[in-house]
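> here's my sequence, what's the structure:
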Amino acid sequence: MGNRVCLPGLMSFLWCGSLDKTLLNPAKAAIRELLPSGLRESISKVRSSVAYAVSAIAHWDWPEAWPQLFTLLMEMLISGDVSAVHGAMRVLTEFTREVTDTQMPLVAPVILPEMYKIFTMAEVYSIRTRARAVEIFTICANLICAIEELEKGAAKALIFPVVQQFTEAFVQALRIKNKHEVDDPIDSDGEVLGFENLVFSIFDFVHTLLEKKKFKSTVKKALPELIYYIILYMQITEDQIKVWTANPQQFVEDEDDDSLSYSVRISAQDLLLTVAAEFQNESAAALAAAATRHLQEAEQAKNTGNEHWWKIHEACMLALGSVKTIITENVKNGRVQFDMHGFLAGVILSDLNLPSASPFLLGRALWAASRFTAAMTPELIQQFLQATVSGLHDSQPPSVRISAVRAIWGYCDQLKLSESTHILQPFLPSILEGLVQLAAQFSSEVLTLVMETLCIVCTVDPAFTTSAENKICPLTIAIFLKYNNDPVVASSAQDIFKELAQIEGCQGPMQMRLIPTLVSIMQAPPDKIPTGLCAVRNEFQVFKPSLHHFNRASRFFQNGGECLRAYVSVSLEQIAQWRDEQGNSGLWYVMQVINQLLDPRSSEFTAAFVGRLVSTLISQAGTELGDQLDQILRAVLSKMQQAETPTVMQSLIMVFAHLVHSQLEPLLEFLCSLPGPTGKPALEFVMTEWMSRQHLFYGQYEGKVSCVALCKLLQHGLNTDDKRLQDMVVKGEEIYNPDDGIRTRSKSAKNPERWTNIPLLVKIFKLIINELSTVVEANASRFNATDWSQDDDYYEDDEEDDPDALKDPIYQVDLQAYLTDFLTQFAQQPCYSVFSSHLNNAERHTLQSIGL
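All right, here's what the predicted structure looks like:
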């Protein structure tokens with residue numbers, strides 16, 4: 001350990017210190033002369049420490065002051081001394097991680113050919129040394145590609161000469177699993193350097209090639225062989241069979257699409273998905289050919305008595321099922337020749353009928369079948385469904401039952417898409433019975449899978465779900481109560497409640513079961529229920545005077561306000577009718593909460609979500625608020641003068657944006673009747689803050705509300721010749737002096753920001769154009785995105801999940817079309833030429849893009 005402490009300190013003193021360099025040069029030279037011998041030490045920790053020191057010095061001194069370094073390292077690599085080879089490789093690994101773009105042209109021609117030799121000489125070098133060679137090559141390739149972006153020709157000179165032979169060597173290395181054992185599979189830094197690490201390194205290298213445009217063709221050429229060996233490494237290992245048989249929960253976790261586990265099998269599957277996403281048509285052809293070849297070889301192995309033949313079947317099913325979309329589409333279009341019916345009936349169904357098949361083969365067959373319903377006849381689907389239902393039985397091994405659950409989810413999902421759920425209907429009673437049994441017998445990972453599947457089963461046939469509500473709802477309630485501390489299971493239970501709530505026949509019975517349960521939870525003694533539920537119960541006391549004594553914690557107020565908004569949204573009438581013992585209505589209590597959220601004395605973060613609460617109350621109550629609306633708006637204005645955080649200001653400004661849609665004229669009159677913080681009407685304060693922050697607003701729904709409100713303001717100001725808006729002046733664009741250079745704090749203090757001043761309506765016009773530009777860019781990115789998944793091509797948008805927002809017609813507005821139409825019509829106005837004279841080049845370009 002002393003070595004590891006002393007060497008870095010000495011290096012820091014000699015190479016990074018402030019002493020006269022001429023005095024230190026003799027000492028540095030002596031260290032460079034002596035230090036490499038430490039790379040031959042038999043103690044691995046000493047070698048590692050010396051390697052770190054050598055690589056660090058090389059970063060400073062190579063090649064000018066230490067030109068012989070790489071000659072020394074190359075001699076060690078071919079010396080046959082195990083310790084020397086390890087030491088040299090550690091130096092090269094550390095050095096390449098820190099190598100500079102100026103050093104790489106000197107490093108690559110020396111290192112890369114040697115790394116190729118080391119990797120290909122399996123009989124000479126150990127697995128961990130060969131794995132380091134792959135790592136070093138990958139690091140160098142990444143940096144060379146980065147250099148290429150700035151210096152054209154770097155890749156051609158440094159990496160092209162060797163990349164093809166490296167790729168071929170990697171594919172060759174995957175052919176036969178190296179049987180040699182590593183004496184020390186874990187190095188001094190705790191890094192595993194066995195055969196698996198070599199495979200990981202090769203797969204990582206292929207990922208690197210795919211990330212670089214110039215090298216994709218190299219992978220494309222090798223696809224047939226690469227995919228063949230990828231399938232080979234997707235086979236289940238004996239260790240996995242032992243672990244999964246003993247622990248079904250681990251089986252679920254390891255085989256989940258979002259698993260945090262990592263293995264050669266998962267790494268191979270990940271690479272398959274990557275190449276399939278990059279080369280869809282070519283990968284489909286290569287995969288079909290590779291699977292056919294593997295299945296033929298498996299049949300030969302089976303006939304010769306090889307007991308592991310089934311593992312290749314299982315791996316082929318996993319591979320084809322993982323990318324089923326590109327397979328089915330290419331087979332359907334005739335671009336790929338693959339006997340899909342033969343695979344489904346002759347392989348999958350045949351394996352399911354084997355008398356003594358491995359449970360993991362049976363489970364994979366059930367899952368794989370559920371992926372290809374689009375390629376099946378109704379009769380074949382029924383055969384597989386019957387096998388899947390049988391797979392749920394108590395008598396089946398856990399792995400088969402778990403796979404059957406996954407298969408049921410797949411059938412429900414696929415048959416819903418093809419509008420063929422009638423095929424499922426005869427099997428639903430048996431499916432439900434099997435799921436209920438599993439839910440009662442397992443917990444954690446398996447239970448989550450069962451609950452997710454039960455949720456989708458509820459959506460298949462409303463009539464069946466209604467008839468089975470007396471089984472589904474009690475089970476879900478029981479699981480929710482038992483696993484309320486498990487967020488994943490509890491969330492799955494809530495999803496089932498949501499599905500039941502959308503089926504009219506289930507609503508009444510579910511309420512009769514669920515409400516007494518919730519009431520009993522709220523009435524239970526605090527020591528009898530979990531802390532989380534106790535806190536929920538406390539929130540249900542929102543309509544009691546005790547809210548005056550509420551904790552002023554920001555998070556408490558935020559969550560409490562959101563909870564209250566849910567009540568206001570769905571049942572304001574009941575709230576207004578309720579009275580406490582003193583005669584105060586529920587609406588009065590709502591006002592008290594809003595006042596506390598907007599209290600200037602409290603933290604500004606208490607108002608982080610108040611905008612939606614206030615807007616919901618105004619939209620639901622309408623004119624019933626009377627003078628209370630003025631009281632709310634005054635409080636919002638006061639809070640705006642205190643707030644600084646963008647999210648809080650957005651929440652507050654959105655109150656006025658909503659009112660622009662529903663009560664524009666009353667809003668303007670109200671804001672003009674109150675003084676702002678500068679003594680001018682509050683309207684100027686609100687507009688100034690809104691205009692300066694519009695570009696910072698986030699959220700799909702909020703963006704639409706504010707953008708459409710801006711259009712309405714501009715239209716109103718022009719149509720009615722409203723002087724309140726027309727005479728107002730706000731900040732336009734910042735004035736930059738090109739001679740100022742970078743603005744430091746001292747410069748900013750001496751020369752404050754300078755802005756142009758422009759009419760408010762012109763500012764609104766410019767903001768609308770900028771919003772259109774942002775929307776066009778976002779839509780273009782969405783259109784061009786290739787976020788390919790193993791199921792379908794899709795783009796996962798930032799969907800709004802707030803029920804109030806989803807019900808608002810503004811949410812359904814196509815903002816790009818709306819703004820384009822608005823600006824097109826505005827261009828016909830006589831004032832357009834005056835407004836357009838204030839535009840900058842970017843804004844003019846945006847208008848030109850829509851033909852203006």
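> helices along the stretch 451-600 of the chain, start to end?
462-467, 469-482, 487-501, 504-523, 531-539, 554-577, 586-597 (DSSP state H, counting those that start in this stretch).
> do the same with the stretch 51-200 of the chain
Remark: helices assigned in the stretch 51-200 of the chain by DSSP H, counting those that start in this stretch are 69-77, 82-98, 104-120, 127-148, 154-158, 160-173, 195-211.
> mean pLDDT and mean neighbour count added to those, as JSON lines?
Placement of C-beta: from N, CA and C, glycine included. Listed next are the helices of the stretch 51-200 of the chain as JSON lines, based on pLDDT from 0 to 100; neighbours: other Cβ atoms under 10 Å:
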{"stretch": "helix 69-77", "mean pLDDT": "89", "mean neighbour count": "18"}
{"stretch": "helix 82-98", "mean pLDDT": "89", "mean neighbour count": "22"}
{"stretch": "helix 104-120", "mean pLDDT": "90", "mean neighbour count": "19"}
{"stretch": "helix 127-148", "mean pLDDT": "88", "mean neighbour count": "22"}
{"stretch": "helix 154-158", "mean pLDDT": "88", "mean neighbour count": "18"}
{"stretch": "helix 160-173", "mean pLDDT": "86", "mean neighbour count": "17"}
{"stretch": "helix 195-211", "mean pLDDT": "86", "mean neighbour count": "20"}
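> quick one on the thing from earlier: of all the helices of the stretch 451-600 of the chain, which lies closest to residue 343?
In terms of Cβ to Cβ, the element of the helices of the stretch 451-600 of the chain nearest to residue 343 is helix 462-467, at 31.8 Å.
> tell me which other helices or strands the closest one touches.
The contact analysis (3 or more Cβ pairs under 8 Å, 6 or more residues apart in numbering; DSSP states H and E) places helix 462-467 against helix 504-523.
> how many other residues sit next to residue 247?
Residues contacting residue 247 under the criterion other Cβ atoms under 10 Å number 14.
> try residue 27
Neighbours of residue 27 (other Cβ under 10 Å): 12.
> and it, backbone torsions?
phi -70, psi -40 (degrees, to the nearest 10).
> tell me the domain ranges of this protein?
If you go by automatic domain parsing, the domain ranges for the chain are 551-661, 699-852.
> deepest-packed of these, please.
domain 551-661 (a mean of 18; mean count of other Cβ atoms under 10 Å).
> worst average pLDDT in the helices of the stretch 451-600 of the chain?
Least confidently modelled of the helices of the stretch 451-600 of the chain is helix 531-539, at a mean of 48 by mean pLDDT.
> how about residue 393, secondary structure?
Using DSSP: H, G, I helix; E, B strand; the rest coil, the structure places residue 393 in coil.
> which non-adjacent residue is nearest it?
residue 434 (7.0 Å; Cβ to Cβ, 6 or more residues apart in numbering).
> just checking, the one you found touches residue 390?
No. At 9.3 Å, residue 434 and residue 390 do not qualify as touching, with contact defined as Cβ atoms under 8 Å.
> and the two? Which one has more around it.
residue 434 (25 against 16).
> just the element for that one, please.
If you go by DSSP states H and E, residue 434 is part of helix 428-441.
> so what's the residue nearest to residue 435 when sequence neighbours are not counted up against?
In this structure, residue 435 finds its nearest non-sequential neighbour in residue 454, 5.1 Å apart by Cβ to Cβ, 6+ apart. For residue 454, the contacting residues are 432, 435, 439, 472, 476, 496, by Cβ atoms under 8 Å, 6 or more residues apart in numbering.
> need those in a markdown table (columns: neighbour count and distance to residue 504).
Listed next are the contacts of residue 454 as a markdown table, based on neighbours: other Cβ atoms under 10 Å; distance: Cβ to Cβ, whole Å:
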| residue | neighbour count | distance to residue 504 |
| --- | --- | --- |
| 432 | 20 | 20 |
| 435 | 23 | 23 |
| 439 | 19 | 25 |
| 472 | 24 | 15 |
| 476 | 26 | 18 |
| 496 | 24 | 17 |
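> circling back to that earlier point, which elements pack onto the helix holding residue 434?
Applying 3+ Cβ pairs under 8 Å, 6+ apart, one finds that helix 428-441 contacts helix 378-391, helix 398-417, helix 444-457, helix 469-482.
> so for residue 830, which of those sits nearest?
So among the helices and strands packed on helix 428-441, helix 398-417 is nearest, using Cβ to Cβ, at 53.2 Å.
> what packs against that closest one?
Helix 398-417 makes packing contacts with helix 248-255, helix 359-371, helix 378-391, helix 428-441, helix 444-457 when contacts are defined by 3+ Cβ pairs under 8 Å, 6+ apart.
> closest one to residue 235 among those helices?
helix 359-371 (10.5 Å).
> now the closest one against helix 248-255, angle please.
Angle, helix 359-371 to helix 248-255, by axes from the mean of the first three to the mean of the last three Cα atoms, to 10 degrees: 50 degrees.
> give me the residue ranges of the chain where confidence is low.
Filtered on pLDDT under 70, the chain yields the residue ranges 1-23, 176-194, 522-557, 736-752, 782-800.
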